[in-house]
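**Student:** Here is my input; please provide its structure:
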Amino acid sequence: MNDTTALPALPDRLSVNPRSKYHLAAIFEHDIGIRVNGKERFDVEEYCISEGWVKVPSKSLDRRGQPLLLTIKGAVEAFYR
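**Tutor:** Predicted coordinates:
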């Protein structure tokens, strides 16, 4: 039985990368889902609901070994599963 009152509110902008200022560790204790233009995505690294974009990794790496991020624009919805 899920008690949704104990879940923290999802922020407008969130990042998976712990080095980002938009990373909130308390949010990642729960399972989060992201929909972009009505389709659920499982590879989202960062999102912003108000600006309407998500960043997903590409197959290429930068010089530090981190994946390059592609921006996908559209209607973004974040939710708890």
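**Student:** C-alpha from now on. contacts and neighbour counts both.
**Tutor:** OK.
**Student:** hey, which strand is longest across this protein?
**Tutor:** Among the segments of the chain that qualify as a strand by DSSP state E, the longest is strand 53-61.
**Student:** Return the mean pLDDT over whatever helix or strand comes next after that one, rounded to an integer.
**Tutor:** As assigned by DSSP states H and E, the chain's next helix or strand after strand 53-61 is strand 67-73. Averaged across strand 67-73, the pLDDT comes to 95.
**Student:** Report the distance from the longest strand of the chain to the chain centre.
**Tutor:** Put simply, strand 53-61 sits 12 Å off its chain's centre (CA atoms, centre = their mean, to the nearest Å).
**Student:** Can you point out the buried residues in it?
**Tutor:** Judged by neighbour count using 16 or more other CA atoms under 10 Å, the buried positions of strand 53-61 are 53-57.
**Student:** Specify which member of those is nearest to Y47.
**Tutor:** Nearest to Y47 among these, counting by CA to CA, is V54 at 4.2 Å.
**Student:** Who is the nearest residue to the closest one once chain neighbours are set aside paired with across the strands?
**Tutor:** Of all residues not flanking V54 in the chain, Y47 sits nearest, at 4.2 Å (CA to CA, 6 or more residues apart in numbering). Y47 forms beta bridges with L14, V54, as assigned by DSSP bridges.
**Student:** how about Y47, what does it touch?
**Tutor:** 12-15, 53-55, 76 (CA atoms under 8 Å, 6 or more residues apart in numbering).
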